[in-house]
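J.: have a look at this prediction, sequence included:
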Amino acid sequence: MGQIVLNVSEQTLLKMKQAYQSVEKAPPPGAVFSAKTASTTITAYKSGKVLFQGSQPEIEAEKWVGTKTTTKSKAVKKKNTHAYHPDPSLFHQSLIGSDEAGTGDYFGPITVAAAYVRADQIELLKELGVRDSKHLTDQSIQHIAQQLLLIDIPYSLVILDNPKYNQLQNKGWTQGKMKTMLHHTAIENVLSKIAPTKPDGILIDQFSQPDVYIRHLQKEQKTLPRSTYFITKAESHSIAVATASIIARASFVKKMDLLSKEIGFTLPKGASAKVDQAASQIIRKKGKAYLDQIAKVHFANTKKAQKY
Ligand code: MG
């Protein structure tokens, strides 16, 4: 049995009471209302604290996570204890995994991939060398990505190139929002590719708290697909995420090679002083405006490059 605790506003508490009116039951001492759905017992207290208990408390709790909370919910505040934390058994099932590359790199796009890996393919992928891409060189990542193309792994790769990235950033989008929409698009693409098959779950390499992710989706009139889970370092737990991670990284490396050819020298990855130097070289050669084509210009590197 699981338990999730949310802290909600008075207003939300009233809405909850209304929403669960038909399944309301006598509240235990100290509680303001209590209700029981097929999967969850909900108990609310005057303080705004609401307990969701049952075999799958997230089913009910997630309906209220996106609502305004008075204080951050305990369920999502503590790392790895939010309502979307996967049970370890999930890692051995048929999953859509998703991960991104390029978010911390000044030069180059953001690439996001989602991949569907069936439980019976996990061993084969391990044989091919699929594992946490942080332990792999860019060269072996590209080699493994080539081999992935030869087997039946439905995937979607979404690339946010630099001009579009800078445009969205100017519009006020945070990188978190961009990543959210890219992951969502990639996952939706894979879901429609494999339909009517449904995955046992969707696992996202966590880059923000799930409630923040869900809020970004809601603002764009999108909803979180069923059975979505978030965990940090997901690529080290799940072969589906590791596969997505390799596809995203291989694509990022390929794009960086192309941009380097275009510029005439190897563009450094990351956002170090080496990157500042390369950026200043580009400003001198092509003008500052050109950075918009190949870099995430809001990074501090742009200012530093201009000082050179
Ligand atoms: Mg990641």
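T.: Alright, I've got the coordinates.

J.: beta-bridge partners for the residue of the stretch 101-250 of the chain at minimum distance from the ion, please?
T.: Of all residues in the stretch 101-250 of the chain, Asp205 sits closest to the ion, at 3.7 Å by CB to the ion. Just so you know, the C-beta spots here come from the backbone N, C-alpha and C atoms, and that holds for glycine as well. Beta-bridge pairing for Asp205 (DSSP bridges): Ile231.

J.: what about it, distance to Leu136?
T.: Between Asp205 and Leu136 the distance is 15 Å, computed by CB to CB, to the nearest Å.

J.: and Asp161, by the same measure?
T.: Asp161 is 25 Å from Leu136, by CB to CB.

J.: for Leu149, same thing?
T.: Noted for Leu149: a distance of 17 Å to Leu136, by CB to CB.

J.: report how many residues lie close to Lys286.
T.: A count of neighbours around Lys286, defined by other CB atoms under 10 Å, yields 13.

J.: what's near enough to touch it?
T.: Residues near Lys286 by CB atoms under 8 Å, 6 or more residues apart in numbering: none.

J.: relative to Ala300, how far out is it?
T.: For Lys286, the distance to Ala300 - CB to CB - is 20 Å.

J.: follow-up on the earlier one: which one's more surrounded, Asp161 and Leu136?
T.: Between Asp161 and Leu136, Leu136 has the larger neighbour count (other CB under 10 Å), namely 19 against 16.

J.: any idea how far the residue of the stretch 101-250 of the chain closest to the ion is from Ala115?
T.: Counting by CB to CB, the separation of Asp205 from Ala115 is 12 Å.

J.: which residues do the two both contact?
T.: Gly97, Ser98, Ala244.

J.: now those residues as CSV including neighbour count?
T.: Listed next are the shared contacts of Asp205 and Ala115 as CSV, based on neighbours: other CB atoms under 10 Å:
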residue, neighbour count
Gly97, 31
Ser98, 33
Ala244, 38
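
J.: as a markdown table, these with distance to the ion would be great.
T.: Output for the shared contacts of Asp205 and Ala115, formatted as a markdown table (distance: CB to the ion, whole Å):
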| residue | distance to the ion |
| --- | --- |
| Gly97 | 10 |
| Ser98 | 9 |
| Ala244 | 9 |
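
J.: filter those down to the ones in helices?
T.: Among the shared contacts of Asp205 and Ala115, the residues falling in helices (DSSP state H) are Ala244.

J.: residues near Gly287, how many?
T.: The tally of other residues near Gly287 (other CB under 10 Å) stands at 9.

J.: do stretch 220-236 and the ion meet at all?
T.: No. Under the criterion of CB under 5 Å from the ion, the ion is not reached by stretch 220-236; the shortest gap measures 6.7 Å.

J.: which parts of this structure are strands?
T.: Here the chain has its strands, by DSSP state E, at 2-7, 24-25, 31-36, 40-45, 49-54, 95-101, 110-117, 155-160, 201-205, 228-231.

J.: each with direction, which strands does the shortest one pair with?
T.: Spelled out, that is strand 24-25. Strand 24-25 pairs in its sheet with strand 31-36 (antiparallel), by DSSP bridges.

J.: between strand 40-45 and the partner strand, find me the angle.
T.: Put simply, strand 31-36 runs at 170 degrees to strand 40-45, going by axes from the mean of the first three to the mean of the last three CA atoms, to 10 degrees.

J.: list the contacts of strand 31-36.
T.: By CB under 8 Å, 6+ apart, strand 31-36 touches 13, 16-17, 20, 23-28, 41-46.

J.: quick check: angle from that strand to strand 49-54?
T.: Interaxial angle of strand 31-36 relative to strand 49-54 (the same axes, to 10 degrees): 20 degrees.

J.: quick one: average pLDDT of strand 31-36?
T.: Averaging pLDDT along strand 31-36 gives 92.

J.: try stretch 116-126
T.: Taken as a whole, stretch 116-126 has an average pLDDT of 96.

J.: distance from the chain centre to it, please.
T.: Centre-to-centre, stretch 116-126 and its host chain are 21 Å apart (CA atoms, centre = their mean, to the nearest Å).

J.: circling back: correct me, but the residue of the stretch 101-250 of the chain closest to the ion touches Asp99?
T.: Yes. Using CB atoms under 8 Å, Asp205 makes contact with Asp99 at a distance of 4.3 Å.

J.: between the two, which is the more surrounded one?
T.: Shown here are Asp205 and Asp99; by other CB under 10 Å, Asp99 has more neighbours (29 against 25).
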